[in-house]
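K.L.:
below is the sequence, then the predicted model.
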Amino acid sequence: MSPGRWNVRWNALSSLALALLLAACTSAPPAATAPAAPPQVPEQVSSTNWEQDMQQFEAADAQSPPPRGAVLFIGSSSIRFWEALAQDFPGVPVINRGFGGSELRDSTWYADRIIVPYAPRQILLYAGDNDLNAGRSPRQLRDDFRAFVERVRRDLPDVRTAYISTKPSPSRAHLLPAQREANALVQAEAQRLGVDYIDIFTPMLDASGQPNEALFIEDRLHMNRAGYEIWQRVIAPYIR
């Protein structure tokens, strides 16, 4: 073969090899995409810390079943420590299901154990200041309140519900702005949902607009008898 013919064939082979190489590159599978981010863990709605409290309530119910159609008080320690609850509302069958340190979401979470079985005629809920102290925002508290009402109405559509506003505690005076905002948001939502809103925040302030120290025990968080007397006076007109 002459050198000229060889060069022609070599150039043709080179062109063919280059074309095949380019085709291989363009038809190669695309690089693997990055794996999708794992789904976010849903926000914890309650804590198992209250399981012992639930078991104690259930044991008490088994020993002495509470009356159906009663007025149920539920929520955090301000309800739990209301030892004179029955005496403060004479002639009214009441059930106290307060569990100290709880947040509003906890009452929603345990509704099937400490609300629905009692078939109460009325529910009075006190919760919120623990929530704000733990870092939940006023809007989150409003949303938690809405979720509570929706959960109760799912099984007890005709039950009357009232929300007791957060109280102004001297030990948590730094929360007053957040409490005012949360109370206003919950009050507006309560009106929209047809729920009673009970303001105990205002009557527990002193003349300077600060939490009234005279209404609290030494820890400046929980109420003494004078504090509960205000609660009784303010709440009584809402009891049905």
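P.N.:
That came through, no problem.

K.L.:
all strands of this protein, in order?
P.N.:
Using DSSP state E, the strands found in the chain span residues 71-75, 94-98, 122-126, 160-164, 196-198.

K.L.:
turn those into JSON lines, including distance to Ala236.
P.N.:
All C-beta atoms are positioned from the backbone trio N, CA, C, and that covers glycine. Formatted as JSON lines, these follow (distance: least, CB to CB, whole Å):
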{"stretch": "strand 71-75", "distance to Ala236": "11"}
{"stretch": "strand 94-98", "distance to Ala236": "12"}
{"stretch": "strand 122-126", "distance to Ala236": "11"}
{"stretch": "strand 160-164", "distance to Ala236": "12"}
{"stretch": "strand 196-198", "distance to Ala236": "10"}
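
K.L.:
would a markdown table of those with distance to Leu104 and mean pLDDT be doable?
P.N.:
Shown next, in a markdown table, are those (distance: least, CB to CB, whole Å; pLDDT from 0 to 100):
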| stretch | distance to Leu104 | mean pLDDT |
| --- | --- | --- |
| strand 71-75 | 8 | 98 |
| strand 94-98 | 13 | 98 |
| strand 122-126 | 7 | 98 |
| strand 160-164 | 9 | 98 |
| strand 196-198 | 14 | 98 |
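
K.L.:
those: which one's closest to Trp231?
P.N.:
Nearest to Trp231, of all these, is strand 160-164, at 7.7 Å by CB to CB.

K.L.:
Ala84 is nearest to which of the strands of the chain?
P.N.:
In terms of CB to CB, the element of the strands of the chain nearest to Ala84 is strand 94-98, at 10.4 Å.

K.L.:
which helices and strands does the closest one pack with?
P.N.:
strand 71-75, helix 77-80, helix 85-88 (3 or more CB pairs under 8 Å, 6 or more residues apart in numbering; DSSP states H and E).

K.L.:
including distance to Ala162 and mean neighbour count, could these go into CSV?
P.N.:
Formatted as CSV, the helices and strands packed on strand 94-98 follow (distance: least, CB to CB, whole Å; neighbours: other CB atoms under 10 Å):
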stretch, distance to Ala162, mean neighbour count
strand 71-75, 10, 25
helix 77-80, 12, 22
helix 85-88, 15, 15
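
K.L.:
would JSON lines of the ones you listed with distance to Arg240 be doable?
P.N.:
Below are the helices and strands packed on strand 94-98 laid out as JSON lines (distance: least, CB to CB, whole Å):
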{"stretch": "strand 71-75", "distance to Arg240": "8"}
{"stretch": "helix 77-80", "distance to Arg240": "18"}
{"stretch": "helix 85-88", "distance to Arg240": "16"}
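
K.L.:
closest one to Pro138 among the ones you listed?
P.N.:
Going by CB to CB, the one of the helices and strands packed on strand 94-98 nearest Pro138 is strand 71-75, 17.6 Å.

K.L.:
tell me which strands the closest one pairs with, and in which orientation.
P.N.:
Sheet pairing for strand 71-75, assigned by DSSP bridges, gives strand 94-98 (parallel), strand 122-126 (parallel).
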